[in-house]
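S.K.: quick one: sequence plus predicted model below, questions after.
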Amino acid sequence: MTTLTDPPAESFKLSMLIYDTRYRSITFQTIALIAFLLLIGWLINNTAQNLVDLGKEPSFGFMNEPAGYDINQRLIEYNSQSSHLRAAFVGLLNTLLVAVLGCITATVVGVIVGVLRLSGNWLVARLMTVYVEMFRNVPVLMWIVLAMAILIEGLPSPRDFRGEDAVASMSVFDSVAVTNRGVYVPEPLFARGLGDVSVGGLFEISLDLIAILVVLGGGLFVSNLIKKRADVTQNATGVRPRTWHLRTGVIVVPLLILLVILGFHLGYPELSGFNFSGGIHLRNSLIALWLALSLYTAAFIAEIVRAGIMAISKGQTEAAAALGIRPRRIMSLVILPQALRVIIPPLISQYLNLTKNSSLAIAVGYMDITGTLMGITLNQTGRELETVLLGMLIYLSISLIISSAMNWYNSRVKLVER
Amino acid sequence: MKKTAIFGALTVAGLMAGAAGAATLDDVKARGKLNCGVSTGLAGFSNPDANGNWEGFDVAVCRAVAGAVLGDANAVEFVPTTGKTRFTALASGEIDMLARNTTWTLSRDADLKFTFVGVNYYDGQGFMAPKELGVSSAKELDGATVCIQTGTTTELNLADYFRKNNMSYEPVPIETNAEAQQQYLAGACDVYTTDASGLASTRATFEDPSAHVILPEIISKEPLGPLVRHGDDEWGDIVRWSLNALIAAEEFGITSANVADMAAAAGDSPEINRMLGTEGNLGEMLGLDANWAVNAISAGGNYGEVFEKNIGESTPIGLARGLNAQWTEGGLLYSPPFR
Ligand SMILES: N[C@@H](CCC(=O)N[C@@H](CS)C(=O)NCC(=O)O)C(=O)O
């Protein structure tokens, strides 16, 4: 913008702050901001003063005291002598575990349901509608509690597996025990394992796992190279060499060799004493929470996926069909990649919702960060303010990390405008 | 618009700051109701009956205090709290006092900043297991799955006990007694552990109580008593002496049946006279009416009556007096003098 005439020279008067429209909005915004900051400052000051009056000066020293309580599901070494900080860490890992498992399952179920809801098959489409409406219209807490009640009341307890005339027996060739305390599945064991490394003295990571991941990563990398070579050949000659056997080979063979070297075998759960021992114990608190959160969130994701697909104009499908692409491939090669652009932003909020909803874990006694730090630790130490602030900070960080990761992915699949 | 909102918020906050400063006794009197924290439901201790009236051993303490302060044992707003929420409720002022099977410990006194005004039940932590499990001692519980209420001393004692005895266990943390009961009965845990009184009360509500045994080991001391916030000693005194009045009344043979007669005119025991307000001015010292103790005792009777009615041997819970007998009977109940 350019002005043709110079504005008349005018000296600044204080009253202009209110009467001059150029300054007025700034004036009011400044006043509001100052008042707002004063209010916040007063609130903080008041809280701190009240805590001091109560004799509870805010401090985080208690985090280093021994926690004194046990936690059943711990992904890192922990016992009742460990500190509250470590207990919080155990809880955090449990939160992340159920969030990751939940997000993956919710996405898979959600995409399938969303696509099937658009299916030409009347029955399938209706069934999916029923699923979506049922799950998203009932509070997730109910689903969590219901899932837990079904697991506890519906499944046999370990003592039913005992004795000559046991009423329950293990499934899948006697390798999996499904009980009302959870599911026990075989665990991978290594006869000639490499042991663990300690990471900064904080927790241990299995070297076997690292070795497997490295070999797997290497295999994938080589397989990718082969694919690139095939692409080059195809571009040059128009014929795509058959590479699938090579590509599977470079992934599977080194992995098998490594597993044999490490002496891989399975440890089966077996009944001993009060419970099953051996194997991996998926507690029913985890299963109930995981199932309920995934199925609930999947209903929302299904709707997002359906909306995403319907946002792609029908012309795309018809054009692809005209090119002779088969219906299944039209969906996976033409429609879904475009639909992703519409799907991802709302999908991010579903992931965030799922993660935050996982704080309902205490309803089934799952020891997440809410159950440890903001539950037992809060209660045993009486540090409401500190633990809740810390907990909020942790949820905030998790959410920010999830959304920045998803935003990064979104910017990659986004339509590149030229 | 923005400014009005801010001024509104300031006024509200200002009012709140004002209210928090006032003494609890004045608050209760102004409100005309005592806010008393109890458990979410533990038969015999605090449980709403079919008509929604709260009754029980802990409830009786609330009613006695309401009687002493307001002259009306029914002027109580019962606030159900879980093991986890009870302390926040008390610290934040949502309740005036807490009477919920709460163990008196040093850290709750000094770190959580509460004042325990006495002990209304001397207890200890025990274990309950189904008979068919065939366990006869807690020492045999290695590897067991144990249901516990979170946010309790139970949780800490359990960790200590298993560590000390070099045994492992799988804790199943649960919020309320009702949920624990459900999980225990479904076999999702092998044993349930909590205060022995709580076990007896929980077992009494089972369809077949005889199918469950309470193991002989008592692994901790759990003196359960009512508590108030730090910082208002006058209020602490009122709750303390309301409880003492119930205990002393049993010692002196004052019951809900004869308290009105005994308070009608001074008798020949000076201490009873002082307690019932026919002599001296103890009530005034507490900031209450002269007949405060009469009202506290009429609320539900003396300590012995409250015990027998709610958890005593004639009830399904069937607890013996044991440690909770008067000192004159070889128990630990001993009220300081009314003087
Ligand atoms: N005395 C222990 C435990 C108190 C406790 O939670 N007791 C249980 C069982 S005796 C209870 O009152 N439950 C009732 C409810 O769930 O509300 C403490 O103070 O930490």
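M.R.: Structure received. Here the structure is a predicted model, which means the values were calculated and not measured.

S.K.: from B:Pro80, how far out is the closest residue to B:Asp96 other than its chain neighbours?
M.R.: Spatially, and ignoring its direct neighbours in sequence, B:Asp96 is nearest to B:Asn35 (4.9 Å; Cβ to Cβ, 6 or more residues apart in numbering or on different chains). The way it works is simple: take the backbone N, C-alpha and C, and place the C-beta from them, glycine included. Taking Cβ to Cβ, to the nearest Å as the measure, B:Asn35 and B:Pro80 are separated by 12 Å.

S.K.: so who does the residue nearest in space to the middle of chain B touch?
M.R.: Centroid-nearest residue in chain B, with Cα atoms, centre = their mean: B:Ala99, separated by 3.2 Å. B:Ala99 makes contact with B:Cys36, B:Gly37, B:Val38, B:Ser46, B:Asp58, B:Val59, B:Val61, B:Cys62, B:Asn120, B:Pro226 under the criterion Cβ atoms under 8 Å, 6 or more residues apart in numbering or on different chains.

S.K.: check whether the residue in chain B that chain A sits nearest to sits in a helix, strand or coil.
M.R.: Chain A sits closest to B:Gly187 of chain B, with a gap of 3.1 Å, by Cβ to the nearest Cβ. Per DSSP: H, G, I helix; E, B strand; the rest coil, the local secondary structure of B:Gly187 is coil.

S.K.: quick check: it touching A:Leu155?
M.R.: No: B:Gly187 is not in contact with A:Leu155 according to Cβ atoms under 8 Å; the separation is 9.5 Å.

S.K.: need the overlap of contacts for these two.
M.R.: A:Asn180.

S.K.: circling back to that earlier point, who has more neighbours, B:Asn35 and B:Pro80?
M.R.: B:Asn35 (20 against 17; other Cβ atoms under 10 Å in any protein chain shown).

S.K.: contacts for the helix or strand hosting that one?
M.R.: In this structure, B:Asn35 is located in strand B:34-39 according to DSSP states H and E. With Cβ under 8 Å, 6+ apart as the test, strand B:34-39 has contacts from B:28, B:45-46, B:54, B:56, B:58-59, B:62, B:65-66, B:69-70, B:75-82, B:86, B:89-90, B:94-101, B:177.

S.K.: got the buried residues for that strand?
M.R.: Using 16 or more other Cβ atoms under 10 Å in any protein chain shown as the test for burial, strand B:34-39 gives B:Leu34, B:Asn35, B:Cys36, B:Gly37, B:Val38, B:Ser39.

S.K.: can you tell me who the last one pairs with across the strands?
M.R.: With DSSP bridges as the criterion, the beta-bridge partners of B:Ser39 are B:Thr81.

S.K.: any idea how far it lies from B:Val79?
M.R.: 10 Å.

S.K.: ditto for the first one
M.R.: Using Cβ to Cβ, one gets 10 Å for the distance from B:Leu34 to B:Val79.

S.K.: same deal with the third one?
M.R.: Counting by Cβ to Cβ, the separation of B:Cys36 from B:Val79 is 7 Å.

S.K.: mind listing the shared neighbours of those two?
M.R.: The contact sets of B:Cys36 and B:Val79 overlap at B:Ile95 (Cβ under 8 Å, 6+ apart).
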